[in-house]
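Colleague: sequence and predicted model, in that order:
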Amino acid sequence: MPTKPKIPWSRYLPAAIIFGMGVGLSVIGFTVVWEWENRRRDYELNRSIDGLTGRLQQQIDADLEVIRTITDFFQSSQTVNLNSFEQFVERPLSNPSTVSFIAWVERVQDGDREGYEERMAIEEDRNFTITQPIAPGRFVQRDRVAEYFPISYIAPLQENPNISGFDLTANPTYQVALNRAAQMGKLVVSERLEWQVGSRSRRGFLAVHPVYEQGLSPRFTFEDDPPPSSETVKPLLGFVVGWVEVDNLFQLAGARGNQFNLYLCDETPGTGTPPDSRQPYPLLTLVESTELVTSNSATEPFALDVPSECPLKPLENQRNRVRAVMLATGNERAIRREIKVNGRIWAFYIWPTDDYQASRRHWRSWAVLIIGFLWTHIPVTYLLTSVSRTAEIEALALARAEQAAQLQQAFKQLEVEQAKSERLLLNVLPKAIAERLKEDTQTIAESFPEVTVLFADIVGFTKLAARVSPTELVQLLNEIFTIFDRLAEKHGLEKIKTIGDAYMVVGGLPVQRRNHASAIAEMALDMQTEILNFNRKCHESFAMRIGIHSGPAIAGVIGTHKFIYDLWGDTVNIASRMESHGVSGRIQVSSTTYALLQSSYCFECRGPIPIKGKGEMLVYLLTGRKQDGICTPLYDMPFVEEA
């Protein structure tokens, strides 16, 4: 194969020097301008994010201040009725807020239950009872306990029908929030919960503020806590409870997601998990506009999975394609800010989108790079023109080499196809005959003075053909004859052909051998054994009728199309008669074959039988092998001629 011509490197040295200097200066200018643009845009981005975070904090603080204000009203009045409750909460709830409802939860002792229910029924002008939920939207009367914390008043009532009277302590998660507020004596915001007492489930937070007689108490205990001293605990009147839903928090704070994907998570330590757990924190709410920034999103849009946990990071199947905007933090994750919510830590994540990436195009730096490359291109192109002729010669040489490789590949393919043809020919003809046929196309015929021919027929196969499909029939026959083919190869015999369910094999040709009769006998015994194994495996009842005869024969190949190696002579006819006049499940041999095998094999004399075209002939049944002069019969019972 011709080698590629070598070109002296000195010819490219001037062009390489100019190219290196031009590219280097262009890249340096590009990098400097790129960094300047990045710092300017990062400063603007962080400034806008800090402003958005401040507005979110103000919105949350303002919404929670509504709960504190209502609590101060109840604290100062010491008595709460339906009219005063509705008048005081009407104005706060009319303004856009994350607080979806406000409720007054009164503390009721078990001894005061009946009086409380009667008072509330008169006040609300309807049947009233303390209830507990059994299914979403379905309530039953509350079981008797030491004390209750039912919802006495709730606003807006239209959106929360049938909630009045619901005992919050009937739900363990709500009871935890009440217990914590009572112990701390101030406003408490729970972790994310589900409000399931209505017809549908709503996710949000309970903002709970306790109300005591004559001022707030630093601590209050429920019935399961040890009793505190009377100096530290004042009577608890109840709780002001607000349900906070943050789904519209971004909208209330004026956050638009046209260039950012916004996520809010509760990352208070121990939220929803044991304190030492490292499990991810729950995602509270999100605003997504488009798919996240990808490595080549302008030409290959790639939508990402919506995250469901915090802290946010690229998912495993997106790690090779996601590159968030490089910010001042120097990582590839979302920008994170914290919002303090009454002792809880809410994490605010901002993930830039493709729209933001488009607005961050560094056109000044790219302009510097392109101009530098253009100035470098002019002298380099001029210098490289001088070696263009050499490149053409190299291309021609490579083309010639490729043609030579293709030609060599064609020769190898031809050898493979020739080997396939050889294998196919050897499947039809013996190897010695195939070699002679390739050298001489004339008729091939040989006379062999001593061979042994075996004919075998499957008894019962004709009846089987009438009750099974052709496909199943051929499959069974192929399985049996494949076993016989392996036996012929094992004993060094030559398979001649199969006719229907008959099998013909010969020993002693095309290469003469002295033990041709014993090889045929071994195969006959093995065939009887294999057919019994096949019957057990396939639950069939086949039997082999085998006939063997020894004598001279003529073998050869005739014709010019569809060659076949065949056998002729009286020996073949007698062997066929031995099979056709034989016994099902037995091996019948002529007296000639018996004389060759009687010293090594066991026989039963069947006696003279009439043979078509031959008259009466003395025949024997091969029953087994002799080991040290002792017969090892293949059959348990001796043959008995039928009357």
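Modeller: Yes, it's here.

Colleague: let me see the ranges of the helices in the stretch 1-150 of the chain.
Modeller: 13-77, 82-94, 113-124 (DSSP state H, counting those that start in this stretch).

Colleague: would you single out the least confident of the ones you listed?
Modeller: Lowest mean pLDDT within the helices of the stretch 1-150 of the chain: helix 82-94, at a mean of 80.

Colleague: what's it packed up against?
Modeller: Helix 82-94 sits against helix 13-77, strand 99-106, strand 151-155, with contacts defined as 3 or more CB pairs under 8 Å, 6 or more residues apart in numbering; DSSP states H and E. Where you see a C-beta, it was placed from the backbone N, CA and C, and this is true even at glycine.

Colleague: what about the last one, distance to the chain center?
Modeller: Per CA atoms, centre = their mean, to the nearest Å, the displacement of strand 151-155 from the mean C-alpha position of its chain is 52 Å.

Colleague: which residues are contacting it?
Modeller: With contact meaning CB atoms under 8 Å, 6 or more residues apart in numbering, strand 151-155 is reached by 80, 82, 85-86, 89-90, 93, 101-106, 120, 160, 163-166, 168, 238, 241.

Colleague: between it and helix 113-124, how many degrees?
Modeller: For strand 151-155 against helix 113-124, the angle by axes from the mean of the first three to the mean of the last three CA atoms, to 10 degrees is 20 degrees.

Colleague: same check, this time on the second one
Modeller: With the same axes, to 10 degrees as the basis, strand 99-106 and helix 113-124 are set at 130 degrees to each other.

Colleague: follow-up on the earlier one: list buried members of the contacts of strand 151-155 by neighbour count.
Modeller: 80, 82, 85, 89, 101-106, 120, 160, 163-166, 168, 238, 241 (16 or more other CB atoms under 10 Å).

Colleague: and for residue 238, nearest residue in space, chain neighbours not counted?
Modeller: residue 106 (4.1 Å; CB to CB, 6 or more residues apart in numbering).

Colleague: quick one: that neighbour and residue 80 touch, right?
Modeller: Yes - contact criterion CB atoms under 8 Å: residue 106 and residue 80 qualify, at 7.4 Å.

Colleague: what touches both of the two?
Modeller: Common neighbours of residue 106 and residue 80 (CB under 8 Å, 6+ apart) are 152, 237, 238.

Colleague: on the three-state scheme, the second one is what?
Modeller: Going back to what we said before, that points to residue 237. Under DSSP: H, G, I helix; E, B strand; the rest coil, residue 237 falls in the strand class.

Colleague: contacts only, for it.
Modeller: 74, 78, 80, 106, 107, 211, 212, 213.

Colleague: measure it to residue 205 for me?
Modeller: Between residue 237 and residue 205 the computed distance is 23 Å (CB to CB, to the nearest Å).

Colleague: kindly report the same for residue 337.
Modeller: Distance from residue 337 to residue 205, by CB to CB: 19 Å.

Colleague: comparing these two, which shows the higher neighbour count?
Modeller: residue 205 (25 against 17; other CB atoms under 10 Å).

Colleague: bridged to that one, which residues?
Modeller: Taking DSSP bridges as the rule, residue 205 bridges to residue 244.

Colleague: am I right that it is in contact with residue 194?
Modeller: No - look at residue 205 against residue 194 with CB under 8 Å: they stay out of range, at 10.7 Å.

Colleague: let's have the contacts of residue 237 in a markdown table, adding distance to residue 184.
Modeller: Output for the contacts of residue 237, formatted as a markdown table (distance: CB to CB, whole Å):
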| residue | distance to residue 184 |
| --- | --- |
| 74 | 18 |
| 78 | 21 |
| 80 | 22 |
| 106 | 20 |
| 107 | 17 |
| 211 | 14 |
| 212 | 12 |
| 213 | 18 |
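
Colleague: by neighbour count, which of those residues wins?
Modeller: residue 211 (24 neighbours).

Colleague: who are the packing partners of the host helix or strand of that one?
Modeller: Using DSSP states H and E, residue 211 sits within strand 202-212. Packing contacts for strand 202-212, counted by 3+ CB pairs under 8 Å, 6+ apart, involve helix 13-77, strand 99-106, helix 172-184, strand 188-189, strand 193-195, strand 236-244.

Colleague: picking up where we left off before, for the helices and strands packed on helix 82-94, which one sits closest to residue 444?
Modeller: Between residue 444 and the helices and strands packed on helix 82-94, the shortest gap by CB to CB is with helix 13-77, which sits at 73.5 Å.

Colleague: what separates stretch 381-400 from the chain centre, distance-wise?
Modeller: 51 Å.

Colleague: phi and psi next, for residue 159.
Modeller: phi -90, psi -10 (degrees, to the nearest 10).

Colleague: ok, now how distant is it from residue 514?
Modeller: The value you get for residue 159 to residue 514, if CB to CB is used, is 108 Å.

Colleague: okay, those two: which has more neighbours?
Modeller: Each of residue 159 and residue 514 has its neighbours counted (other CB under 10 Å); residue 159 has more, 11 against 8.

Colleague: quick check: the more buried one touching residue 102?
Modeller: No - assessed by CB under 8 Å, residue 159 is found out of contact with residue 102, at 11.8 Å.

Colleague: and residue 626, what does it touch?
Modeller: 599, 600, 601, 602, 632.

Colleague: filter those residues down to the buried ones, ChimeraX style.
Modeller: A single ChimeraX command is used to select the members of the contacts of residue 626 judged buried by 16+ other CB under 10 Å:
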select :601,602
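
Colleague: closest to residue 255 among the contacts of residue 626?
Modeller: So of the contacts of residue 626, ranked by how close each gets to residue 255 (CB to CB), first place is residue 632, at 96.7 Å.

Colleague: SS state for the closest one?
Modeller: Once three-state DSSP is applied, residue 632 turns out strand.

Colleague: for it, which residues count as its bridge partners?
Modeller: residue 625.

Colleague: begin at 54, not 1, for the rest of this chat.
Modeller: Sounds good: first residue 54 from here, last item residue 685.

Colleague: who touches both of residue 258 and residue 247?
Modeller: In contact with both residue 258 and residue 247: no residue, using CB under 8 Å, 6+ apart.

Colleague: residue 153: neighbouring residues, count only.
Modeller: 18.

Colleague: what of residue 85?
Modeller: Using other CB under 10 Å, residue 85 has 12 neighbouring residues.

Colleague: distance of it relative to residue 464?
Modeller: 60 Å.

Colleague: what of residue 567?
Modeller: Counting by CB to CB, the gap from residue 567 to residue 464 is 45 Å.

Colleague: so residue 655 touches residue 676, yeah?
Modeller: Yes - between residue 655 and residue 676 there is a contact at 4.7 Å, judged by CB under 8 Å.

Colleague: anything in contact with each of these two?
Modeller: 684, 686.

Colleague: let me see the contact set for the closest residue in space to residue 150 that isn't next to it in sequence.
Modeller: Leaving aside its sequence neighbours, residue 150 sits nearest to residue 116 (CB to CB, 6+ apart; 5.0 Å). By CB under 8 Å, 6+ apart, residue 116 lies in contact with 150, 151, 152, 295, 297.

Colleague: do residue 304 as well
Modeller: Counting by CB under 8 Å, 6+ apart, residue 304 has no contacts.

Colleague: buried residues in the helix or strand that contains it?
Modeller: Taking DSSP H and E as the definition, residue 304 sits inside helix 302-305. Residues of helix 302-305 classed as buried by neighbour count (16+ other CB under 10 Å): 302, 303, 305.

Colleague: and residue 577, how many neighbours does it have?
Modeller: Using other CB under 10 Å, residue 577 has 26 neighbouring residues.

Colleague: buried stuff in stretch 174-185?
Modeller: 181, 182, 183, 184, 185.

Colleague: first vs last residue of it, how far apart are they?
Modeller: For stretch 174-185, the first-to-last residue distance is 17 Å (CA to CA, to the nearest Å).

Colleague: run through who's touching that stretch.
Modeller: 134-135, 161, 166, 169-170, 173, 192-196, 201, 203, 217-220, 223.
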